[in-house]
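In: Just to be clear, the model below is a prediction. Sequence and coordinates:
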Amino acid sequence: MTDVNKRDKTIAAVRGNVREYIVTYVFLILSVILVIYSGRPMTDILQQVMGRLSRNLFVVLALIIPIIAGMGINFAITIGAMAAQIGLLLAINWEIKGILGLLVAAGITLPLGAVFGFLIGSLLNKMKGQETIGSLILGYFANGAYQLLFLFIFGKLIPLSEKVTIVGATGVANTLNLTGQVGLHTALDGLWRVPFGTALYGVSAIVLLGAVLLFAAKKMSRNRFILLGAVAVGSVLLYQIPAVQKAFSMANVPVVTFLVVAVLCLFNVAIMKTRLGQKFRAVGQSRTVANASGINVNRVRVIAIMISTVLAGWGQIIFIQNLGTLQTYSAHEMVGLYAGAAILVGGASLNKATNGQAIVGCVLFHLLFVVAQDAGRNLFGDPAIGEFFRVFISYGVIAVALVMHSWKKQKAQAELSR
Amino acid sequence: MKRSKIQWALAILMLLVTIGLAVASAMGFSARDKQETSDSMQRMRNYTVLRTASGALVDEAGAEAKKVARAFAKTNNYSRNQTNTYAAEQEALARAEADERYKAFQNLDLDELDAAILNMENTLGAYYDLETQEKAVYADAWLAAQKAQPEIEEGAEETAALSAEGEGVSEESMLTQSVEVDYSGFVPSAQLAALKEQTEPVYDNLYLVMQKAVPELRDDMKEKIQPKVMEVTTGADRSFEAQYDRYQTVNALSILEKGQQTSMRLARSAQNLVLLAVGALVMALTIFFYGPLKKKLGLPRLIISLFFILLLLMCGLYNISISGMISTVLWRTGMYGVLALAMLPGIQSGISLNMGMTVGIISGLLSTLLALQFNMTGWLAFAFSVVVGILLALPVGLLYGKLLNRLKGSEMTISTYVGFSYVSLFCIAWMLLPFNNPRLTWALGRGLRTMHNMKNSFGQILDNTLSFNLLGVHVPTGLLLFFLLCCLLMWLFSRSRTGTAMIAAGANPRFAEAAGINVNQMRITGTTISTIIAAVGIIVYSQSFGFMQLYNGPKQMGFVAASAILIGGASTTRAKVSHVIIGTFLFQGVLALGIQVANALISEGGLSEVMRILISNGIILYALTQTGGDGRD
């Protein structure tokens, strides 16, 4: 009797899990199919995915706090990216090289992003419940202002060196090169690179050590301890298989970049333990209740957006230093879309998101990105189809997430009124 | 209606400025008719002609000095930089010296010069008049020939080829490309050539007189300075302003007395002063009636209306042809009007801004593609596209309406993303659908082209119906009538029983439910109508624009339509037919005028695109903030 009960429970749990992460599972299956049809060697794919992870993960993680604060997906992170591009432009203009140049850019991004974030947050407070569309259109609007700034104000009213402008034309050059003399390309990634194996052993050891310490100090539940230990030991064991080792042979890990990402993950966890984090959660769950308990709802929401905007700016700096070129007028355009789609793929919803979901989503989303073109060529004879498919998937995932969120809410409301 | 003191003071100040400007311009206009003015003008002209002659001598002296200086530098082994600096210095010195020397004109017989110049002016004037006429005829023929060419160049299309991310071809840049007429094939008629012959002896005569005034002028320089002299004596434009500007290039005003200078300046800027006066008057009225205006229009609409007036005035200041501008604005209003109308039933039925109208647009594109696939032409193709487009949009609209019914409260967010997804899904479909007419598909590779020329099917068929020119304004009667007919139908519908029920359901769903109206049914009706109008709208747009855009072309259409109706005065919950008409006119007017003014201000593309982005998204943001803080959650 108890056995049957237990089995029922497990089945129910699995069913619930599948229902909640349906998007993720569908995506997983889709990715596997496309990886097979792309016909590309695993070493190549994994190397690409690793590179894409290192440059995209930070921005995706920047979306978590506004989601927890109940503001949906903050598509206005494009504005943070714009602030970062202003910082990078000035760093190139002043000819500051290496990691120092990136730090200067990040330093400029901080106040700019904070001010922009304050403005975005204040505006979004005037359209509660419509933040997703509001932030999207705000991003478009800011794009206009950005073009105005870079085309007609930089170089004309604010003098810039010949390094970043085109002689004989107005405005900043279309493409800014970060390689060579400029010395910003991989300024962060290149600080310390290790092969994948070494990184895996290192991370596993740290995770294991941390888990043991926390468990010994009785700050971690047993289930969690076992899970973490199994993951760490299991991944090391899995890596011993020659085929797996071979697949990862080309993947290189930029340690410092991932350390920065890890710090952000810790930040996301730690801030939730503070009083501010509690406020984020309270506001996200119910504005009315939060208001009644004496929380200044508007202020908390503005702070959430400010943090997110600055973080997104830093993420954009990581992205561009990895890429090596800055498309001055378009580099920021797709930031919101891709980051938003990635976190939703990982199973986040419009009011719930974790670091783990962001990481899983980022891996799956970029895996699909890497293989879509080749799969398109092999399945339909044209790589452009894969390209369109990528864009379709990005929009489609967001649309599906929005629809499901709205459905759930209506159902909850209907039950409430009953 | 209480006005603050500052408001009063500012309004009165602006009124005083208006009066001042008006008086000044009246003085300027009256000065134009005075004998003194025409005398001054004549003096300026004489001076200009002689300066042109002596200018050639100055040039010569400068060139000579430069040569000498370079030779000197060479013998003294100057470095390259030194040589250049030295030569430039010497040249400037020699020029200044020569300038001084030839400034005083000797033995000047003014009467003789006057007569010679006048003679020249008359002969040349006749020549220029005829030339302008003939060139206009040539330009028309050239443009017609250009239009007759079947397809746009293959190359241009390839460069604008597939880009899945980003916006593809910028529409604004396509709309504003001005066509440069190529005059290389222009052949003057016999009559024109004869007139040109006649100018030769007249010029000989003038040159003799000029030689008298400037004795250093040699015979061999005659040919060289002829075009310059012809240009300053009589240009193709003989208005007061143009003449004045021509003479002013050599600073001819400086020879006049102080008082005379002022009155000439005034006369020159009379027309501009009128425009400035109108501008100041508008400012004064706006400040005085700021309260009620803001209440009635809302701040963004007030700003946009003022901006529109400002642009109109700037057009006047920069001599941009007003009739041409009105033609463009009318054309663009008709072109975008039906698309903007598609927003109306959406708002009325309560689904707010229907950003997902792209699902209807795609239906319209599909039906047009079918018409092109079967090589239909003319009215048949147009009618076929419209009818099939409506039939295709009907089921899609119904389904889409059903979806929106399950998502009450966040329709706008979802419809935007559903629209985007649908467009990118059809990006794939355009590559895979089995259209095989070689006019539609890429010559190399697979899939449909990005841009399709409508010339051979139904391009401009509405525009050219009953179109006529009135005072230089080209009125696309058919297009405007079609747009107004659609508006009338929508208006009649909103008066019908279903229409009133739908508006009631949109305005207050709970009340409507209580009154026995099926709100969900009404929302589906509104969405479906919106989708159908969008399908018709894109067909009208394509025929007017002359090209049909696939792939990412329709992606932003929802935003354009939404901004138009919002600028017209609609909110996300309330809209009327008049909002569509006013809004489309104002929005397209600001864009069309803005492009021209921006081009006159700074010859740099891109500003118009920036303006469109700012206005379009700004007004949507404003509308969103108006839905209220804690509104729909």
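Out: Nice, thanks for sending it over.

In: Could you list the low-confidence segments of chain A?
Out: Scanning chain A for pLDDT under 70 picks out the ranges A:1-3, A:167-169.

In: Likewise for the stretch 151-300 of chain B?
Out: Residues of the stretch 151-300 of chain B meeting the criterion pLDDT under 70: B:151-182, B:184, B:234-238.

In: hmm, 80 instead?
Out: B:151-243, B:245-261, B:297-300 (pLDDT under 80).

In: who touches residue 63 in this structure?
Out: In the absence of a named chain, this looks at chain A. By Cβ atoms under 8 Å, 6 or more residues apart in numbering or on different chains, A:L63 lies in contact with A:I73, A:N74, A:I77, A:S308, A:A312, A:A339, A:G340, A:I343, A:A353, A:A358. Any C-beta I mention is one placed from the backbone N, CA and C, and that applies to glycine too.

In: should've been chain B
Out: B:E91.

In: can you rerun that using 10 Å?
Out: Contacts for B:A63 (Cβ atoms under 10 Å, 6 or more residues apart in numbering or on different chains) come out as B:E91, B:A94, B:R95.

In: try B:L462
Out: Contact analysis of B:L462 by Cβ under 10 Å, 6+ apart lists B:334-335, B:379, B:382, B:476-483, B:539-540, B:543-544.

In: neighbours of B:I538, just the number please.
Out: B:I538: 31 surrounding residues under other Cβ atoms under 10 Å in any protein chain shown.

In: Assumed it was part of a helix.
Out: Yes. Checked against DSSP: H, G, I helix; E, B strand; the rest coil, B:I538 lies within a helix.

In: Assess the claim that it and B:M557 are in contact.
Out: Yes. The criterion here is Cβ atoms under 10 Å, and B:I538 meets it with B:M557 at 7.2 Å.

In: hey, what's in contact with both of those two?
Out: Applying Cβ under 10 Å, 6+ apart, one finds that B:I538 and B:M557 are jointly contacted by B:L339, B:A342, B:M357, B:T358, B:G360, B:I361, B:Q549.

In: which of those residues has the most neighbours?
Out: Ranked by neighbour count (other Cβ under 10 Å), the shared contacts of B:I538 and B:M557 have B:G360 at the top, with 36 neighbours.

In: per-residue pLDDT, it?
Out: pLDDT for B:G360: 93.

In: and the nearest residue to it once chain neighbours are set aside, how many neighbours?
Out: Nearest residue to B:G360, sequence neighbours excluded (Cβ to Cβ, 6 or more residues apart in numbering or on different chains): B:A534, at 3.1 Å. The number of residues packed near B:A534 is 33, by other Cβ under 10 Å.

In: What's the mean pLDDT across the helix or strand encompassing B:A534?
Out: Element membership of B:A534, judged by DSSP states H and E, is helix B:519-545. Across helix B:519-545, the average pLDDT comes to 92.

In: circling back: which members of the contacts of A:L63 additionally contact chain B?
Out: A:I73, A:G340 (Cβ under 10 Å from any Cβ of the partner chain).

In: List only buried entries from the contacts of A:L63.
Out: A:I73, A:N74, A:I77, A:S308, A:A312, A:A339, A:G340, A:I343, A:A353, A:A358 (16 or more other Cβ atoms under 10 Å in any protein chain shown).

In: Spell out which residues of the stretch 151-300 of chain A are next to chain B.
Out: Checking the stretch 151-300 of chain A against chain B by Cβ under 10 Å from any Cβ, the hits are A:L151, A:F152, A:K156, A:A169, A:T170, A:G171, A:R287, A:T288, A:N291, A:V297, A:N298.

In: The chain: strands as residue ranges?
Out: Let's take chain A. Here chain A has its strands, by DSSP state E, at A:175-177, A:193-195, A:252-254, A:325-327.

In: hm, I was asking about chain B
Out: Assigned by DSSP E, the strands in chain B fall at B:451-453, B:468-470, B:473-475, B:547-549.

In: do you know which of these lies nearest A:A142?
Out: Within the strands of chain B, the stretch nearest A:A142 is strand B:547-549; the backing value is 25.8 Å (Cβ to Cβ).

In: So what are the sheet partners of that closest one and their directions?
Out: Sheet pairing for strand B:547-549, assigned by DSSP bridges, gives strand B:451-453 (antiparallel).

In: Tell me who's in contact with B:G419.
Out: B:G419 makes contact with A:395, A:399, B:354-362, B:400, B:554-555, B:557-559 under the criterion Cβ under 10 Å, 6+ apart.

In: Just the pLDDT at it, thanks.
Out: Per-residue pLDDT puts B:G419 at 91.

In: pLDDT below threshold where in the stretch 501-633 of chain B?
Out: Residue ranges of the stretch 501-633 of chain B with pLDDT under 80: B:595-596, B:598-608, B:627-633.

In: Go again with 70.
Out: Along the stretch 501-633 of chain B, segments meeting pLDDT under 70 span B:602-605, B:628-633.

In: Show me where it has its helices.
Out: B:509-514, B:519-545, B:557-567, B:577-601, B:607-626 (DSSP state H, counting those that start in this stretch).

In: list the helices and strands the fourth one packs on?
Out: Using 3 or more Cβ pairs under 10 Å, 6 or more residues apart in numbering or on different chains; DSSP states H and E as the contact test, the elements touching helix B:577-601 are helix B:171-176, helix B:299-317, helix B:322-341, helix B:343-349, helix B:477-495, helix B:557-567, helix B:607-626.

In: Quick check: which of those helices is nearest to A:F58?
Out: Evaluated with Cβ to Cβ, the helices and strands packed on helix B:577-601 place helix B:607-626 nearest to A:F58, the distance being 27.0 Å.

In: ok, the closest residue to A:L53 other than its chain neighbours - how many residues close by?
Out: Nearest residue to A:L53, sequence neighbours excluded (Cβ to Cβ, 6+ apart): A:C362, at 6.1 Å. Residues within reach of A:C362, counting by other Cβ under 10 Å, total 26.

In: so A:C362 touches A:V59, yeah?
Out: Yes. A:C362 is within contact range of A:V59, at 9.2 Å (criterion: Cβ under 10 Å).

In: Cross the buried ones among the contacts of A:L63 against helices and list the overlap.
Out: When helices are assigned by DSSP state H, the members of the buried ones among the contacts of A:L63 inside them are A:I77, A:S308, A:A312, A:A339, A:G340, A:I343, A:A358.
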